[in-house]
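A.B. asks: A structural model of the following input is requested.
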Amino acid sequence: MIKKFKNKRANNSESNLSTKVFIKILNSSRNAKRLIALSVDAVFVFLSFWTALFIRLDSTLPLVNVQYWLILLVVLPISILIFIRFGLYRAVLRYMSSKAVWAIVAGTLLSTSALVLVAFFSTIAIPRTMPLIYAALILLSVGGARLVVRALIAQFAGTNKKPVVVYGAGSAGRQLANGLTAGPEYFVSAFIDDDITKQKSIIQGIPVVDISSLRSLIADGKVHKILLALPSASRSRRNQIISQLEHMSVKVQTIPGIKDVVEGTANGDEIVDVEIEDLLGREPVNPIPQLMAQHITGKSVMVSGAGGSIGSELCRQILKYKPVKLVLFEQSEFGLYEIEKELSEYILKNGLQTKLSPIMGSVQRINRVENVMKSFNVHTIYHAAAYKHVPLVEQNVVEGVRNNVFGTYYTARAAINANVETFVLISTDKAVRPTNTMGASKRMAELVLQALDKSKINTCTRFCMVRFGNVLGSSGSVVPLFRRQIREGGPITLTHENITRYFMTIPEAAQLVIQAGAMGKGGDVFVLNMGDSVRIKDLAEKMVRLSGLDIKDENNPDGDIEIKCTGLRPGEKLYEELLIGDNVLETFHERILMANEAMLTWEDLSVILDNLDKACHNFDHEVIRQILLDAPTGFNPTDGICDLVWSQRKPEKDAQLANKPKLNIIK
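C.D. replies: Reported below is the predicted structural model:
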């Protein structure tokens, strides 16, 4: 027993020693490793030469033959020089590719040819089959040794790697697997593929299984996360796959879609979180080039609010259709700096001739806006400047009304004075039967443009407005908020468990806005087809499960992330609408509808604007609210006045009224 134990210890110490030596060699310098590889190959050539002779002659006599030694002295350095020439010692073993394999094959053929030529010209007789045996031994030793070393490196490097499963065994999946194998973090334990012909096969040494085998892989601890390698799959197909994986209690990530890779906005082997667009399964519709270019190509275009979520994307889309000038109008210095820098790089990279003009200013200053339009001879304006965060506008009523209503009015009057041809307002679904000041102010802005379009003071400008819901990834969107809360361990906060919203991607919204603007004839209210509304709680639960976490609730108190409902905020709706009535007309674009809604004459609306202007100047919030209620905006507030300044001053005013002396009336 003691003897066995000693032998076991000796074997373990030998194993540990060899491991240390191997690791020491791996950590040595590149030059040292090249010298070691070159020396080992020289030994292989030496042994292959003599072994081939021994096998062919079945004797040890060749060792004493001086002529054979002379051949070897010539062939050995030639063979090493050939391998050097083919770059065999520049190839990193752990990343050895097919090129290195071909270098070994070509080097072996040339080394064998050198052997034959040296023997022929030196008139030294060698057996005819000896070069064939020599070539086979060189391939086995030089090539085989490299495969063994590569496997050992992978084994040592893979001890701390985490197993992942790649969904998709196509070219993207194989490329991703190669990248992960070479990296320090993950190794691919299996491919999943829907193609029956690939299932139960081995690709790059990795088994291909169907999705039904995933649960057993997870149970065996072979899945740390699932990576989707389906760049060319449609959104609806990706949504189906994600729905299947959602309840697997494992994190799901993806590589970008083929469109993002082609456009250069993402790398093909980049791993990212599952996009919310994939969860919605909404397929984008390709824009109609003629509509996109109609009011942009060869024209001077201005975007107000150019640094915002929608405004900046409008600028990106506009630039693709080569306007002569693009005026970026923005009151945020940082926002203007960011979009100007991005667009300037795009212009330089693509060799565009568009003149980019970053202009700082507020849409509430009509002189500034008008001077900008006249100076740059603006043909088309996309008015995206607005205060859009419902709770903030509720708490800052005067500024919200000033910016959204009067900012739109001043920009529209400036456009008329500057002979602008087309004016497109970016509106919102919150303008439909609004329950908050933001929505009411945007509906009032729509009424302003409708009235101006038909007024006598307008002789040249065609006004239209485009109404749509939430866009994914915009400032204030729930998606980045939920992601941050999940990273921090929760809880996820939402205002109501039954709240629903419409969603659309920012690029799709911007493209549809431009196309709708080209379709307008004057005073049109366009509505974008947003698809089906989404229950926000369902969206939050999907995001939690796709992060490999569990929902914490009454049924699962040991879960990871809790979802808390905080109650509706002032002015917030449970659901949004896009139309005030059912009177809607279809257009030739499947995603663009036209609403036919009530409007006012300019004479009637100008009176409302004058009264609203005075009420804002006097900070008279009761009058502001009454004007918005009396106007045909459909305003139906769910809360009292929430303006922070007004709330702060209200107790003071009430006290003044209470202490005011009463008049004695003598009857």
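
A.B. asks: show me what whatever helix or strand Gln240 lives in is packed against.
C.D. replies: In this assignment (DSSP states H and E), Gln240 forms part of helix 235-245. Where contact means 3 or more C-beta pairs under 8 Å, 6 or more residues apart in numbering; DSSP states H and E, helix 235-245 is packed against strand 225-228, strand 251-254, helix 276-280, helix 536-546. For every residue, glycine as well, the C-beta is placed using N, CA and C.

A.B. asks: try it again with 10 Å
C.D. replies: Secondary-structure packing of helix 235-245 (3 or more C-beta pairs under 10 Å, 6 or more residues apart in numbering; DSSP states H and E): strand 162-167, strand 225-228, strand 251-254, helix 276-280, helix 536-546.

A.B. asks: make a markdown table from those and add mean pLDDT to it.
C.D. replies: Formatted as a markdown table, these follow (pLDDT from 0 to 100):
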| stretch | mean pLDDT |
| --- | --- |
| strand 162-167 | 86 |
| strand 225-228 | 86 |
| strand 251-254 | 83 |
| helix 276-280 | 68 |
| helix 536-546 | 83 |
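
A.B. asks: can you list those in JSON lines and add distance to Ser441 and mean neighbour count?
C.D. replies: Below are the helices and strands packed on helix 235-245 laid out as JSON lines (distance: least, C-beta to C-beta, whole Å; neighbours: other C-beta atoms under 10 Å):
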{"stretch": "strand 162-167", "distance to Ser441": "47", "mean neighbour count": "22"}
{"stretch": "strand 225-228", "distance to Ser441": "42", "mean neighbour count": "22"}
{"stretch": "strand 251-254", "distance to Ser441": "39", "mean neighbour count": "20"}
{"stretch": "helix 276-280", "distance to Ser441": "28", "mean neighbour count": "21"}
{"stretch": "helix 536-546", "distance to Ser441": "24", "mean neighbour count": "20"}
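
A.B. asks: now the helix holding Gln240 - C-alpha only, CSV.
C.D. replies: Provided in CSV are the C-alpha atoms of helix 235-245 (Å, rounded to 0.1, in the frame of the first residue of the first chain):
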residue,chain,number,x,y,z
ARG,A,235,-37.7,39.6,-36.6
SER,A,236,-40.8,37.4,-36.5
ARG,A,237,-38.7,34.3,-36.6
ARG,A,238,-36.3,35.6,-34.0
ASN,A,239,-39.3,36.5,-31.8
GLN,A,240,-40.5,32.8,-32.1
ILE,A,241,-37.1,31.5,-31.1
ILE,A,242,-36.8,33.9,-28.2
SER,A,243,-40.2,32.9,-27.0
GLN,A,244,-39.1,29.3,-26.9
LEU,A,245,-35.9,30.2,-25.0
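
A.B. asks: got the buried residues for it?
C.D. replies: Within helix 235-245, the residues that count as buried by 16 or more other C-beta atoms under 10 Å are Arg235, Arg238, Asn239, Ile241, Ile242, Leu245.

A.B. asks: just to revisit the earlier point, just put the helices and strands packed on helix 235-245 in JSON lines and tack on distance to Ile80.
C.D. replies: Shown next, in JSON lines, are the helices and strands packed on helix 235-245 (distance: least, C-beta to C-beta, whole Å):
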{"stretch": "strand 162-167", "distance to Ile80": "40"}
{"stretch": "strand 225-228", "distance to Ile80": "42"}
{"stretch": "strand 251-254", "distance to Ile80": "46"}
{"stretch": "helix 276-280", "distance to Ile80": "54"}
{"stretch": "helix 536-546", "distance to Ile80": "54"}
